[in-house]
Structures are given as C-alpha cells and as structure tokens.
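Undergrad: Quick one: sequence and predicted model below, then my questions.
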Amino acid sequence: MAGIGPLNMVIIIGSTREGRFGPTVAGWFATAARRRPDLAVEVVDLAETRLPETLTGEDEPLPARVASLATRLAAADAFVVVTPEYNHGFPAPLKTAIDWFYDEWRAKPVAIVSYGRESGGRHAADQLRQIFGELHAVTVRDGISLARYWEQFAADGTWPKATADCNTDLKTTLDQLSWWAHALRDARHRRPYAS
C-alpha cells in the first residue's frame, strides 16, 4: 500500500579512485539519514560493485553484477549520488553505472552531494541533473556542494567540523528528498509512470 513503511534510500559513492574522499562523505550523509525513522538507508560503493565498463546490447542478458545491482536500485524510493568533480565533470564509473539502468531511476528523486575544489563539484552536479532528467528522475533543488572540503575537518580529525555549513545543508536536502520520495512513491503506486 502506498505510503506505508520507511522509504528505501540508496546512497551511491560515485568515485572509484584510490584515496577518494567519497566514502567519508557518504558515511556522514548515511549517519544523518539513519537518524530519521522514515528512512531505511543502504550505501552502494561503485568501487565494490565493479560493474563492467562495456554495456551489452538491449536483447542480451545483464551480467550478474549488473543484475544484482539492478535489484537493489529497483527497490529504492530515493537516491543520493555522492560525486567528486574531476576536470569540471563527474567520474566515468558513475556515468557507466547510470547508463546500465533505466527503469530503476524513473519517477524517483535524486539528491546530489558533490565535492571538489572552489566549485564544490557544482559542474559535476549540473551535468548529473541533465542526465537524470533524461532518465525521468527528479533531482531535488537543494543538493550539497562541498567546496574545499579538506578545510572542514575538526581538530580531532573528524569530518565535518560542527560549524560547517554542510551540516545545515544536509537537513534541507534530506527534508526535500524525503518529501519527493513520499510523493513519487505514492504516485507510482496509484498509477504507473508513463514515459
């Protein structure tokens, strides 16, 4: 029945680079999201899923790793994409992961949490908004942009420090993502989405 049970949120770590900061960001976001009783949170690390780089034809069966992730994404009511910005764009493994799927994204909300140098990953986030729009997903307006994230460590080495703006941004993003996830889940249960 529509509106029953917690929302299933999948947080996707979009970078697979050695020494990446994405798991720290995803852990921070997941910890906050898990405090909310309306959310069930799962983290998908693309470095662990090891999706094939070459996509199959439409009539070919999905590789096992892709089929396994498809099940997890299909069960999601909302997504959070954590991405760095590399050369004014987002990482290639994230684009590959997005392109493997279609129905799994449709009529579901996506929040983008980007990080980088001065831009905070905004170039990457803008590109992702266009791509998810093409896939009939809804990106929430207020994502999180982490400019010069390395300056936000507390003296004890934890991230982010309590006074960092991203702590306030996180609540706004979670509130918007939750609202859209409830609205779209209810709508998908009432009638299939037409594309």
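TA: Yep, that arrived.
Undergrad: any chance you could map the helices in this structure?
TA: 22-34, 46-49, 64-74, 92-99, 122-134, 166-190 (DSSP state H).
Undergrad: among these, which is nearest residue 111?
TA: Among the helices of the chain, the nearest to residue 111 by CB to CB is helix 166-190 (4.5 Å). For the C-beta atoms, the positions are set from N, CA and C on the backbone; glycine is no exception.
Undergrad: Check the offset of that closest one from the chain's centre.
TA: 13 Å (CA atoms, centre = their mean, to the nearest Å).
Undergrad: Now tabulate the helices of the chain in JSON lines and tack on distance to residue 142 and mean pLDDT.
TA: Shown next, in JSON lines, are the helices of the chain (distance: least, CB to CB, whole Å; pLDDT from 0 to 100):
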{"stretch": "helix 22-34", "distance to residue 142": "14", "mean pLDDT": "96"}
{"stretch": "helix 46-49", "distance to residue 142": "24", "mean pLDDT": "96"}
{"stretch": "helix 64-74", "distance to residue 142": "23", "mean pLDDT": "95"}
{"stretch": "helix 92-99", "distance to residue 142": "21", "mean pLDDT": "96"}
{"stretch": "helix 122-134", "distance to residue 142": "11", "mean pLDDT": "97"}
{"stretch": "helix 166-190", "distance to residue 142": "5", "mean pLDDT": "95"}
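Undergrad: what's the closest of the ones you listed to residue 106?
TA: Between the helices of the chain, helix 166-190 lies closest to residue 106; by CB to CB that is 8.7 Å.
Undergrad: Would you mark the buried spots in the closest one?
TA: Neighbour-count burial for helix 166-190 flags 166, 169-170, 173-174, 176-178, 180-182, 184-185 (criterion: 16 or more other CB atoms under 10 Å).
Undergrad: Over to stretch 4-14?
TA: Using 16+ other CB under 10 Å as the test for burial, stretch 4-14 gives 7-14.
Undergrad: Then stretch 56-76?
TA: In stretch 56-76, the ones that count as buried by 16+ other CB under 10 Å are 66, 69-70, 73, 76.
Undergrad: Then stretch 23-34?
TA: Buried-residue list, stretch 23-34, by 16+ other CB under 10 Å: 24-26, 28-30, 32-33.
Undergrad: Among those residues, give me the pair with the biggest separation.
TA: Largest pairwise distance in the buried residues of stretch 23-34, by CB to CB, is 15.1 Å, between 24 and 33.
Undergrad: Quick check: residue 19 vs residue 10, distance?
TA: Distance check for residue 19 against residue 10: by CB to CB, to the nearest Å, it reads 24 Å.
Undergrad: Quick check: bridge partners of residue 144?
TA: residue 113 (DSSP bridges).
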